[in-house]
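S.K.: attaching a predicted model along with its sequence, questions to come.
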Amino acid sequence: MNVNDLELFLNEAFPVENALDYDNVGLIAGDRNKVVTAILVSLDLTDKAIEVAKEIGANVIVTHHPIIFGGIKRLTLDDCTGKTLIKLVQSGISVIACHTNLDLTDEFGNLAIASKLGAEEPKRLEGAVCGVVYELPMDMKLNDYCRKVVSDLGTSGIITINNPENKVRKVFVQGGAFDEDSIEAVIKGGVDTVLSGEIKHHICVGLEQMGINTIIAGHSATEQAYLPKIKQMLSEKYPGISITVNYNNEVSSIL
């Protein structure tokens with residue numbers, strides 16, 4: 001298997017035509033004809049992720065977030081993006097991004113988060129741009145549910161502007177950043193709590209006026225739920241290739 005084969009498989013699993021207009025997915029940098037030795041799965045491409053890849057002998061990093069979104073006018077050591085890309089190329093490592101095309105494949109994105117939160121029968125919310133909805137077996141106080149989110153997602157904390165005594169029963173989850181174009185669907189769907197990695201403050205205030213709680217759990221904390229699913233898929237497709245997940249871009253956090 002070479003890098004091109006891997007990109008084709010990922011583009012089939014997460015159709016590139018589903019990626020949003022601003023996005024940049026697929027092979028971002030590297031030699032598509034190079035034989036794959038091992039794969040590192042990481043949320044972001046960072047210097048530490050490259051160090052992990054080198055440590056385990058991986059010459060491909062599959063990331064969720066693309067390191068390049070728009071055009072680059074120069075590639076130098078003057079900025080962090082340039083430094084990382086130069087280090088990547090010098091290390092002979094390729095990087096493939098699966099971003100909004102993965103987000104819109106709920107099985108590997110939002111359903112993975114819902115599963116980590118112990119949701120029963122989560123399903124896509126009709127009319128929402130991205131995200132799934134589920135109901136708790138019984139009402140919980142917002143304060144108690146926030147504690148559960150911290151524990152289940154392993155986040156360092158959460159932000160909410162709502163009364164901790166508020167009821168939580170029907171939850172809408174979207175990893176990363178909440179898409180405000182989904183607000184109408186959330187209201188029509190009878191959701192009482194929106195959980196995402198990032199939610200703009202004015203959106204939180206507006207939803208509160210409509211009786212809807214908001215929980216901000218952190219971009220990385222929500223989306224790191226995706227990584228084991230990607231590893232499982234790649235391991236099943238390529239049983240002879242070593243697949244490693246890198247959490248929090250820390251050398252000590254590989255498994």
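M.R.: Here it is on my side, so go on.
S.K.: what about the stretch 151-255 of the chain, any weak spots by pLDDT?
M.R.: Scanning the stretch 151-255 of the chain with the threshold set as pLDDT under 70 gives 248-255.
S.K.: the strands in it, which residues?
M.R.: Per DSSP state E, counting those that start in this stretch, the stretch 151-255 of the chain has strands spanning 167-177, 193-198, 213-216, 242-246. These are given in chain order.
S.K.: just put those strands in JSON lines and tack on mean neighbour count.
M.R.: No exception for glycine: its C-beta is placed from N, CA and C like everyone else's. Shown next, in JSON lines, are those (neighbours: other CB atoms under 10 Å):
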{"stretch": "strand 167-177", "mean neighbour count": "23"}
{"stretch": "strand 193-198", "mean neighbour count": "24"}
{"stretch": "strand 213-216", "mean neighbour count": "24"}
{"stretch": "strand 242-246", "mean neighbour count": "20"}
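S.K.: out of these, flag the one nearest Leu6.
M.R.: Closest to Leu6 of those is strand 242-246 (CB to CB; 11.0 Å).
S.K.: what's that closest one packed up against?
M.R.: Packing partners of strand 242-246 (3 or more CB pairs under 8 Å, 6 or more residues apart in numbering; DSSP states H and E): strand 38-42, helix 47-56, helix 226-237.
S.K.: out of the ones you listed, which one sits most buried?
M.R.: Ranked by mean neighbour count, those are led by strand 38-42 with a mean of 24 (mean count of other CB atoms under 10 Å).
S.K.: residues contacting that strand, please?
M.R.: Identification of contacts with strand 38-42 by CB atoms under 8 Å, 6 or more residues apart in numbering yields 6, 49, 52-53, 56-64, 227, 230-231, 234, 238, 241-246, 249.
S.K.: one step back: for Asn143, find the nearest of the helices and strands packed on strand 242-246.
M.R.: helix 226-237 (27.5 Å).
S.K.: what's that closest one in contact with?
M.R.: 9, 13, 39, 41-43, 62, 64, 98, 102, 107-109, 112-113, 175, 241, 243-247.
S.K.: could you rerun that using 10 Å?
M.R.: Outside of helix 226-237, the residues within contact range by CB atoms under 10 Å, 6 or more residues apart in numbering are 1, 5-6, 9-10, 13-14, 39-43, 60, 62-64, 98, 102-103, 105, 107-113, 115-116, 175-176, 241-247, 255.
S.K.: any of those buried? List them.
M.R.: Buried members of those, scored by 16 or more other CB atoms under 10 Å, are 6, 9-10, 13-14, 39-43, 60, 62-64, 98, 102-103, 105, 108-113, 115-116, 175-176, 241, 243-247.
S.K.: per-domain residue ranges of the protein.
M.R.: Per automatic domain parsing, the structural domains of the chain span 3-103+225-244, 110-218.
S.K.: mind checking the end-to-end distance for the longest one?
M.R.: One end of domain 3-103+225-244 sits 16 Å from the other (CA to CA, to the nearest Å).
S.K.: report how many residues lie close to Leu207.
M.R.: 24 (other CB atoms under 10 Å).
S.K.: need the contact list for it.
M.R.: 161-162, 178, 180, 183, 186-187, 191-194, 199, 213-214.
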